[in-house]
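Novice: Give me coordinates for this.
(one chain, ligands or ions: 1)
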Amino acid sequence: MITLKEAMGLSKEELTAFKDDLRQKIEADPELNAYIATESSGDGVPIAIKDNIQVKDWSVTSGSNILQGYIAPYNATVIEKLESAGLSAFGRTNMDEFAMGSTTESSFYGKTQNPHDRDCVPGGSSGGSAAAVGAGLAIAALGSDTGGSIRQPAAFCGIVGMKPTYGRVSRYGLGAYASSLDQIGPMTQNVEDAAILYDIISGHDVKDSTSVERDDGKVSDKLDASRKLTIAVLPEYIADASDDVKHAYEKAIDALKAAGHTIVEKQLLDAKYDISAYYITATAEATTNLARYDGIRYGNRQEGKNLVDTFVQTRSQGFGDEVKRRILLGNFVLSSGYYDAYYVKAQKVRHLIKDEYAKVFEHVDLILSPVAPGTANKFGALADPMEMKLSDLYTLSVNLAGLPAISIPVEKTAGGMPVGLQLIAAPFEEQTLFDGALSLEQQLDHN
Ligand code: GLN
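Specialist: The predicted structure is shown next:
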């Protein structure tokens, strides 16, 4: 597959021919199920779009039954930005319903396969975007990351996935899951393409009150793999990872040393606090955000005996099991008797996590961390909803602290499954993040 950088040099005619060819390849492999649809918003370089990002006149459903029939009346800011840069939205990619999950198995449209092993999940929730790029069926894609949904599927499908600092990319037009955690980001074949796509979609937006008013310039113009950085590794934190992940971790450390970076050992808070703080915060916010799907304003409606019954019927039939579980949990932690014990406490823990990272970043430029405890699991292996949540241990704290992070493919196991690791930077240090990521990528290619 041509890179994004190469594709940006193609003529309109070449791009049209490329897209026809791409559609045929997608149609030839329906079992992969990375795409829900393959329409295009224009004649620019095609970028695959997760089904929770508004593209004007497209059906946009967040992978849910409840949004069947909804047509987006406007473009998300990221789509406007793609189009002004000569890119076009091409195809909606599959995802866990409302981005809640780590496998893409909860989609209304059925599961997506992992291109490296068709019996395995592509990860989630941006599994369609990751599988499309990983299978050579997309030049690049957009995903969203609330607690790892860009980085983890990227790691499972052997691609690059980047989550920007909270506030860097406008959330206007992103189907809200947990508003204080959600960020849109690039999913690409390599680090340079991720930097190019990040530059295109980032920047202040008056339509998103949490979007940050600062301009640090384009990272892709200044990419510098020769900078020598200090990088923290986490010997205790990786104890729960599989041998495959530990092997990749050692390999990445060797590569970083060989590239001239300084490696220091650090510690982070036990990830069990991340999981609790994240799932209380995320479900509380999701409960509030999903209250709007009542059968009156968007998509599907199940007519009931009266208004309240219409709400109940619509939501009972429209939402899947995992979404319902989270609505229940979110309402519980927000209810008056439990608000202080759960929600307020989770916010305090969130502060601790943020402070812990800030302390580490006083001494280092980047942190090297696993993305997931293992490689992509088989379908059904995380059917226990609790097990699935526990598998998110390595990605959640980055969102709780609002940090930028990038998942990079490091190696493949003997069985051919990709292992990705992430680099994490201090807030707004995307330049350092991309420079370090490029250095690691180049060194790994070199070995
Ligand atoms: N797996 C996590 C969750 O289900 C993260 C999902 C995401 O980042 N959207 O909440």
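Novice: Any chance you could list what contacts the lowest-mean-pLDDT helix or strand in the chain?
Specialist: Least confident helix or strand of the chain, by mean pLDDT, DSSP states H and E, is helix 385-390 with a mean of 94. Identification of contacts with helix 385-390 by CB atoms under 8 Å, 6 or more residues apart in numbering yields 101, 102, 103, 275, 279, 322, 325, 382. Using the backbone N, CA and C atoms, a C-beta is placed for each residue, glycine as well.
Novice: could you list every residue that touches the spatially most central residue of the chain?
Specialist: Centre of the chain computed as the mean C-alpha position; nearest residue by CA atoms, centre = their mean is residue 150, 2.0 Å away. By CB under 8 Å, 6+ apart, residue 150 lies in contact with 126, 129, 143, 144, 161, 162, 163, 185, 187, 407.
Novice: what's the answer for residue 311, then?
Specialist: When contacts are counted by CB under 8 Å, 6+ apart, residue 311 touches 294, 295, 296, 304.
Novice: Parallel or antiparallel, which strands does the helix or strand that contains residue 88 pair with?
Specialist: Here residue 88 sits within strand 87-93, counting by DSSP states H and E. Strand 87-93 has the following strand partners under DSSP bridges: strand 35-40 (antiparallel), strand 45-50 (parallel).
Novice: what about those, which gets the closest to the ligand?
Specialist: The ligand lies closest, by CB to the nearest ligand atom, to one member of those: strand 45-50, at 9.7 Å.
Novice: Can you point out the buried residues in the helix or strand following the closest one?
Specialist: Sequence-wise, the next helix or strand downstream of strand 45-50 (DSSP H and E) is helix 77-84. By neighbour count on 16 or more other CB atoms under 10 Å, the buried set for helix 77-84 is 77, 78, 79, 80, 81, 82, 83.
Novice: okay, the residues you listed in JSON lines with pLDDT and distance to the ligand next?
Specialist: Formatted as JSON lines, the entries for the buried residues of helix 77-84 read as follows, by pLDDT from 0 to 100; distance: CB to the nearest ligand atom, whole Å:
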{"residue": "77", "pLDDT": "98", "distance to the ligand": "19"}
{"residue": "78", "pLDDT": "98", "distance to the ligand": "16"}
{"residue": "79", "pLDDT": "98", "distance to the ligand": "19"}
{"residue": "80", "pLDDT": "98", "distance to the ligand": "23"}
{"residue": "81", "pLDDT": "98", "distance to the ligand": "21"}
{"residue": "82", "pLDDT": "98", "distance to the ligand": "21"}
{"residue": "83", "pLDDT": "98", "distance to the ligand": "25"}
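Novice: Please convert those to CSV, extending it with distance to residue 217.
Specialist: As requested, the buried residues of helix 77-84 are exported to CSV (distance: CB to CB, whole Å):
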residue, distance to residue 217
77, 19
78, 19
79, 23
80, 21
81, 16
82, 20
83, 22
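Novice: Buried ones among the contacts of residue 311?
Specialist: Among the contacts of residue 311, those buried by neighbour count (16+ other CB under 10 Å) are 294, 295.
Novice: and of the contacts of helix 385-390, the nearest to the ligand?
Specialist: Looking across those and measuring by CB to the nearest ligand atom, the closest to the ligand is residue 102, at 4.0 Å.
Novice: Determine which stretch of the strands paired with strand 87-93 is the most buried.
Specialist: Neighbour counts (mean count of other CB atoms under 10 Å) averaged over each of those peak at strand 45-50, with a mean of 28.
Novice: is it anywhere near the ligand?
Specialist: No: if you take CB under 6 Å from any ligand atom as the test, strand 45-50 misses the ligand, and the best it gets is 9.7 Å.
Novice: give the contact list for the closest residue to residue 221 other than its chain neighbours.
Specialist: The spatially closest residue to residue 221, leaving aside those adjacent along the chain, is residue 199, at 7.9 Å (CB to CB, 6 or more residues apart in numbering). Counting by CB under 8 Å, 6+ apart, residue 199 touches 218, 219, 220, 221.
Novice: Can you tell me the element residue 199 falls in?
Specialist: Using DSSP H and E, the element containing residue 199 is helix 191-201.
Novice: quick check: mean pLDDT across whichever helix or strand comes after that helix?
Specialist: As assigned by DSSP H and E, the chain's next helix or strand after helix 191-201 is strand 230-233. Taken as a whole, strand 230-233 has a mean pLDDT of 98.
Novice: Let me see the residues that make contact with the longest helix anywhere in the chain.
Specialist: Selection of the longest helix in the chain by residue count, based on DSSP state H, yields helix 271-289. Contacts with helix 271-289, where a contact means CB under 8 Å, 6+ apart, come from 98, 100, 146-147, 176-181, 237, 240, 326-327, 329-331, 333-334, 342-343, 345-347, 349-350, 352-353, 389-390, 392-394, 396-397, 399-400.
Novice: residues of it that come out buried?
Specialist: Neighbour-count burial for helix 271-289 flags 271, 273-289 (criterion: 16+ other CB under 10 Å).
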